[in-house]
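Engineer: Here's my sequence, what's the structure:
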Amino acid sequence: MQAVIVYESVYGNTRTVAEAIAEGLRGARPDAVVRCVPVAGAGPEVTGSADLLVAGGPTHVYGMSSGPSRRMARIAAAGTPAGNEPGTRGPGPDPGPGLRTWFRSLPKPRPGARGAAFDTRADMLISGGAAHGIARRLTHHHYDLVAAPEGFVVESTGGPLRTGERERAVAWGASLA
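Structural biologist: Numbers count the residues shown, from 1 in each chain. As a prediction, this is how the structure comes out:
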């Protein structure tokens, strides 16, 4: 099995979840080839051979991020210790396209390709979630969903992940295998 986890992350929380999902997949299927890549590095040469494509991003303004919401998040990240990568300050380099743009160029998958969607979100009734929009786009691109869209909770906009969420992401990743 070849699995690719594609993520969009500003504060590093979604990246942490993506890496935990990859860890869970590797643990459940040691024979699998598992790649975890930011959306900017997930071109057709990376996703084209995937039997399982897992895509995830942060929740911005009740759903998937957009160009303006990503710019606002990067500006906000500039004032936090989390920044774009763990242990850095500031928004870091331009992260490239977001998931919305990436989906526009996603090629048709191989027959029988499977998909799964996740997001990071605040634990507020009105926060919404990006995972359902990601799942709809995967389905539109002919991926068969293997799990319901999943949300992982952050304590505040910049994180950290709520206690236990990383472990839950590992378990969710294992269940996708």
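
Engineer: now the strands for this protein?
Structural biologist: In order along the chain, the chain carries the following strands (DSSP state E): 2-7, 33-38, 52-58, 114-122, 144-145, 150-154.

Engineer: In JSON lines, list the ones you listed along with mean pLDDT.
Structural biologist: Written out in JSON lines, the entries for the strands of the chain read as follows (pLDDT from 0 to 100):
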{"stretch": "strand 2-7", "mean pLDDT": "98"}
{"stretch": "strand 33-38", "mean pLDDT": "98"}
{"stretch": "strand 52-58", "mean pLDDT": "96"}
{"stretch": "strand 114-122", "mean pLDDT": "95"}
{"stretch": "strand 144-145", "mean pLDDT": "98"}
{"stretch": "strand 150-154", "mean pLDDT": "96"}
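
Engineer: Switch those over to TSV; also include distance to residue 23 and mean neighbour count.
Structural biologist: Any C-beta I mention is one placed from the backbone N, CA and C, and that applies to glycine too. Putting these into TSV (distance: least, CB to CB, whole Å; neighbours: other CB atoms under 10 Å) gives the following:
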stretch	distance to residue 23	mean neighbour count
strand 2-7	10	24
strand 33-38	9	18
strand 52-58	12	28
strand 114-122	14	25
strand 144-145	21	14
strand 150-154	14	22
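
Engineer: With distance to residue 74 as extra columns, can I get those strands in CSV?
Structural biologist: As requested, the strands of the chain are arranged in CSV below (distance: least, CB to CB, whole Å):
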stretch, distance to residue 74
strand 2-7, 16
strand 33-38, 14
strand 52-58, 12
strand 114-122, 16
strand 144-145, 30
strand 150-154, 16
